[in-house]
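Asker: Below: sequence and its predicted model.
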Number of protein chains: 2
Amino acid sequence: MADAEYVNIWMRPERPARGPKPVYSRAQITEAAIRIADAEGLEAATMRRIAAEIGAGAMSLYRYVPSRGNLVELMADRLMGEIDVTSMPSGDWRADLTRYADGLRAMWLRHPWIATVQRSLPSFGPNQLLLIERLMGVLDAFVSIDENLSLIAMLNSYIEGTVREEISSAEEVRRSGLSESEWMARSYPYIDRLVKSGDYPIFTKIVMEARQPHLSRNDQFRYGLQRVLDCIAAALPSTAESPMSAHREGREEQDRPGQARSRPSERTSRAK
Amino acid sequence: MADAEYVNIWMRPERPARGPKPVYSRAQITEAAIRIADAEGLEAATMRRIAAEIGAGAMSLYRYVPSRGNLVELMADRLMGEIDVTSMPSGDWRADLTRYADGLRAMWLRHPWIATVQRSLPSFGPNQLLLIERLMGVLDAFVSIDENLSLIAMLNSYIEGTVREEISSAEEVRRSGLSESEWMARSYPYIDRLVKSGDYPIFTKIVMEARQPHLSRNDQFRYGLQRVLDCIAAALPSTAESPMSAHREGREEQDRPGQARSRPSERTSRAK
DNA sequence: CTCCACTGGGTACGTTGTACGCGGTTGCGG
DNA sequence: CCGCAACCGCGTACAACGTACCCAGTGGAG
């Protein structure tokens, strides 16, 4: 009873007062775990594997983190810190939200395993809190807090839903260990059987009239995003006019999955 | 090499030609697993537990299902069958999509564990395929297949994102084993510290200006959904006018989480 | 100085998914 | 009708997991 009576991981202080200096740290452990999860999936980030990665014994990790579940929370919050919202209530809400959307999507593509934990633990870590502050600050001046929540929820849903779809097929391929073309070749017989059966005309239409050629993944995302932003615009009072940011094309960089464009910003809990 | 060379679970026939008659069935196993997952979470649905539920030995399940992962796929597809889309291209696209949205949300609330697997396996089971046919048939006459995909993706993202939020807190409470009020009492110190710190004004605003009182969860969902449907309407040609279904209030039933409003419609794969 | 709260980490336990093999049962080829 | 290959249910066994417990050292507070 005296031991694990902390509300959550953020209330538990990392460093105690007395005793020998710890060799490792939460940040270091979290970083190692993220590195493994990025490379081989979240299920590969076992306690022993993480410990080996930093050169520690398996059980040593429990000096820093109460359980693996809590470690995953730390990892998730660390990821939130990668989204740059420092400039956020800039005056141009449309630009702000676009920037956030791109940042969130890029982060998810860099760390696809986040899809398996996100929203199963709304633990309000420091990075997530900072994100909330900045992001919801964007529309705070224009709408009530309830409407703000509703609009941001809609935006987040769009981003997450879209990116989940992007991720899922890529993860399926990765998990199988095959190359993308090998994987497609392997699943061809099934698709073919469905099409040939004649029972699924619309599915067949989807398969036949390929959609990828028309738009790149990035453009598809941006296109749908504009629609969502239009929806938000419709819910805002006319005083919130955004200084003509309808279409700005010249942005070909950002969100390349493999790239290491991290910006940690650790920010662990500071107890009073 | 000769053994597991099937593309996916749907290509593998359930019943072989010769040999003694199986005592159990995929459907029975899937049903038992869903029952356990509903009651105690997906992680409680272990192979041994499921086997015990139907009175079988643990290893017997592997005569029907190649692995636990595949069983989860079967479970997920079985759930798709609970969404009633039989009447679907009815002529009133707005009514159809509303009906679908309510059905999908209700299903997720009945089986919250689906959030942890959904979109991590786009396996095109029979029920999912039927759903795709009916659902995408709704807008098929009005827009191109690409636009159709884009609009439906947006709708699905909204539904899933919203329901994920509804589920996450409920799951957190369930996992802790405490009652809702106990759980809130326990997490109060953390929230209080955040508010008192003064660092998070908008978070504080969210905490203080409670949003639940204003709208019920159902109404919140419906309200946001109307916004999404308006977005879709804007993307449709004028020929797609929906016969005045702007606001119809008189629908207080549907989607009560605990209720068993299942409509299985098993439909396993039929090999040629 | 003496304590003792701390450190890293080895050993061990319970639970998981599942490979393998057994003895019995069934339906098809001859 | 017979025989055998293909299937059945299922017991045993194993590797890998999270983690409880214990230990010998360590270093700041008194």
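Answerer: Received, thanks. Numbers count the residues shown, from 1 in each chain, chains lettered A, B, ... in the order given.
Asker: Any stretches of the stretch 101-250 of chain A with poor pLDDT?
Answerer: In the predicted model, the stretch 101-250 of chain A carries pLDDT under 70 at residues A:120-122, A:210-214, A:241-250.
Asker: any idea how far DNA strand D is from the closest residue in space to residue A:232 that isn't next to it in sequence?
Answerer: Leaving aside its chain neighbours, residue A:232 sits nearest to residue A:151 (5.2 Å; criterion: CB to CB, 6 or more residues apart in numbering or on different chains). Yep, even glycine has a C-beta here, placed from its N, CA and C like the rest. Counting by CB to the nearest atom of the strand, to the nearest Å, the separation of residue A:151 from DNA strand D is 38 Å.
Asker: neighbours around residue A:151, how many?
Answerer: 23 (other CB atoms under 10 Å in any protein chain shown).
Asker: from memory residue A:29 sits against residue A:49, does it?
Answerer: No - Residue A:29 is beyond contact range of residue A:49, at 11.7 Å (criterion: CB atoms under 8 Å).
Asker: Comparing these two, which residue is more hemmed in?
Answerer: Ranked by neighbour count (other CB under 10 Å), residue A:29 and residue A:49 place residue A:29 first, with 24 against 14.
Asker: separation between that one and DNA strand C?
Answerer: As judged by CB to the nearest atom of the strand, residue A:29 and DNA strand C stand 10 Å apart.
Asker: same check, this time on residue A:180
Answerer: 24 Å.
Asker: That residue against residue A:174, yeah?
Answerer: No - using CB under 8 Å, residue A:180 is not in contact with residue A:174, being 9.6 Å away.
Asker: Please say which of those two ends up with more neighbours.
Answerer: More crowded of residue A:180 and residue A:174, by other CB under 10 Å: residue A:174, with 15 against 12.
Asker: So the more buried one is in contact with residue A:39, correct?
Answerer: No - if you go by CB under 8 Å, residue A:174 and residue A:39 don't touch, sitting 10.2 Å apart.
Asker: can you list the residues of the stretch 151-272 of chain A near DNA strand D?
Answerer: Taking CB under 7 Å from any atom of the strand, no part of the stretch 151-272 of chain A reaches DNA strand D.
Asker: If you could redo that for the stretch 1-150 of chain A, that was the one I meant.
Answerer: Residues of the stretch 1-150 of chain A lying close to DNA strand D by CB under 7 Å from any atom of the strand are A:17-21, A:46-49, A:58-59, A:62, A:67-69.
Asker: quick one: what helix or strand has the residue of the stretch 151-272 of chain A found nearest DNA strand C in it?
Answerer: Distance from DNA strand C to each residue of the stretch 151-272 of chain A (CB to the nearest atom of the strand) is smallest for residue A:175, at 12.3 Å. Using DSSP states H and E, residue A:175 sits within helix A:145-176.
Asker: in that helix, what counts as buried?
Answerer: Neighbour-count burial for helix A:145-176, counted by 16 or more other CB atoms under 10 Å in any protein chain shown, picks out A:145-168, A:171-173.
Asker: Mind giving me the packing neighbours of the helix or strand that that helix is followed by?
Answerer: Following helix A:145-176 in sequence order, the next helix or strand is helix A:180-197 (DSSP H and E). If contacts are counted by 3 or more CB pairs under 8 Å, 6 or more residues apart in numbering or on different chains; DSSP states H and E, helix A:180-197 sits against helix A:145-176, helix A:201-208.
Asker: ok, residue A:50 touching residue A:32?
Answerer: Yes - applying CB under 8 Å as the test, residue A:50 and residue A:32 come out as touching, 5.3 Å apart.
Asker: more crowded one of the two?
Answerer: In this view residue A:50 and residue A:32 are compared by other CB under 10 Å, and residue A:50 has more residues nearby, 25 against 21.
Asker: tell me the contacts of the closest residue in space to that one that isn't next to it in sequence?
Answerer: Leaving aside its chain neighbours, residue A:50 sits nearest to residue A:33 (4.9 Å; criterion: CB to CB, 6+ apart). Contact partners of residue A:33, counting by CB atoms under 8 Å, 6 or more residues apart in numbering or on different chains, are A:45, A:50, A:53, A:71, A:75.
Asker: Tell me how many other residues surround the last one.
Answerer: Applying the criterion other CB under 10 Å, we find 21 residues in the vicinity of residue A:75.
Asker: That concludes my questions; thank you for your assistance.
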